[in-house]
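> based on what follows, work out the 3D shape:
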Amino acid sequence: MTASGWDLLDHAHAALRSVADAVPADGWGRPTPCEQWNVGQVLQHAAGDQLAYAARLTGGPGPAEDPFAPSGILAAAPAELLAPALEAAAAAFAGVAPGTPEVAVPLPPFSLPAETAVGAAALDAAVHAWDVAVATGLPSPLTPALAAALRPAAEVLAEPLRGFAYGPALPIAPDAAGDPVASLLAFLGRRPGWTPPEA
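Residues are numbered from 1 along each chain as shown. Next up is the predicted model:
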């Protein structure tokens, strides 16, 4: 398992890996907070995004299919789909030095300071880990500490990508205002209390 040397990204990758490993065999077709996508599609999207970050940094191969149009057909075991993507992203970011002023990323603005670029990749992995967890009844790996660490990147990235990568920001219940997890999810257009629809 490759470590990126960036604690935030390594933590987010571990969160995504842990929930993917725990999805029950019948869980891949379940609905998720990402409307129109099931759990398998979210995993494909998340893996594709990490490959896209790696490709932008290294010039290596990107995802085989459009991460924003995942088929939901898992051609390999989930771990075999996810592991190479996380390894590639970790290895790519391991070559990024702290304080680098411009680091290539696959979404607008296409170049960010190192810490924000790392935060962007980590945000993607961690929030999709939450999507998979709540869709399949698993404990959420998005902790208050992780959510708070991801918030600076979200503040930079969310507005330019509203309607594409993120939905409109949602109001947050007064009793959840001090919760970094609920605040982050609502800011990104997700309902913090989302539960799967009744079958």
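> pLDDT value on residue 35, please?
Residue 35 is assigned a predicted lDDT (pLDDT) of 86.
> can you get me a residue count around it?
Residues within reach of residue 35, counting by other CB atoms under 10 Å, total 7. All C-beta spots, glycine's among them, are computed from the backbone N, C-alpha and C.
> next one: residue 65
Neighbours of residue 65 using other CB under 10 Å come to 13.
> in this structure, which spans are helices?
7-22, 39-58, 78-94, 114-136, 144-157, 180-187 (DSSP state H).
> turn these into a markdown table, including distance to residue 170 and mean neighbour count.
A markdown table is the format used below for those (distance: least, CB to CB, whole Å; neighbours: other CB atoms under 10 Å):
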| stretch | distance to residue 170 | mean neighbour count |
| --- | --- | --- |
| helix 7-22 | 22 | 21 |
| helix 39-58 | 19 | 24 |
| helix 78-94 | 28 | 20 |
| helix 114-136 | 14 | 25 |
| helix 144-157 | 13 | 18 |
| helix 180-187 | 4 | 21 |
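> for residue 28, find the nearest of those.
Residue 28 sits nearest to helix 39-58 of all the helices of the chain, at 4.0 Å, using CB to CB.
> among the helices of the chain, which is nearest residue 195?
helix 114-136 (7.0 Å).
> what is the distance between the closest one and the centre of its chain?
Distance of helix 114-136 from the chain centroid (CA atoms, centre = their mean, to the nearest Å) equals 3 Å.
> show me what the mean pLDDT comes to for it.
98.
> tell me the angle of that helix relative to helix 7-22?
On the basis of axes from the mean of the first three to the mean of the last three CA atoms, to 10 degrees, helix 114-136 is oriented at 20 degrees to helix 7-22.
> quick one, helix 114-136 and helix 39-58 angle?
170 degrees.
> show me what helix 114-136 is packed against.
Packing partners of helix 114-136 (3 or more CB pairs under 8 Å, 6 or more residues apart in numbering; DSSP states H and E): helix 7-22, helix 39-58, helix 78-94, strand 103-104, helix 144-157, helix 180-187.
> any chance of TSV for these, columns mean pLDDT and distance to residue 131?
As requested, those are exported to TSV (pLDDT from 0 to 100; distance: least, CB to CB, whole Å):
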stretch	mean pLDDT	distance to residue 131
helix 7-22	97	9
helix 39-58	96	5
helix 78-94	94	14
strand 103-104	96	25
helix 144-157	96	14
helix 180-187	96	10
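> which of these sits closest to residue 110?
Closest among the helices and strands packed on helix 114-136, using CB to CB: strand 103-104, at 6.7 Å.
> what are the pairing partners of that closest one, and which direction each?
Here strand 103-104 is paired, per DSSP bridges, with strand 111-112 (antiparallel).
> run the chain-centre distance for the strand it pairs with.
18 Å.
> contacting residues around it?
With CB atoms under 8 Å, 6 or more residues apart in numbering as the test, strand 111-112 has contacts from 102-105, 120, 156.
> try it again with 6 Å
102-105 (CB atoms under 6 Å, 6 or more residues apart in numbering).
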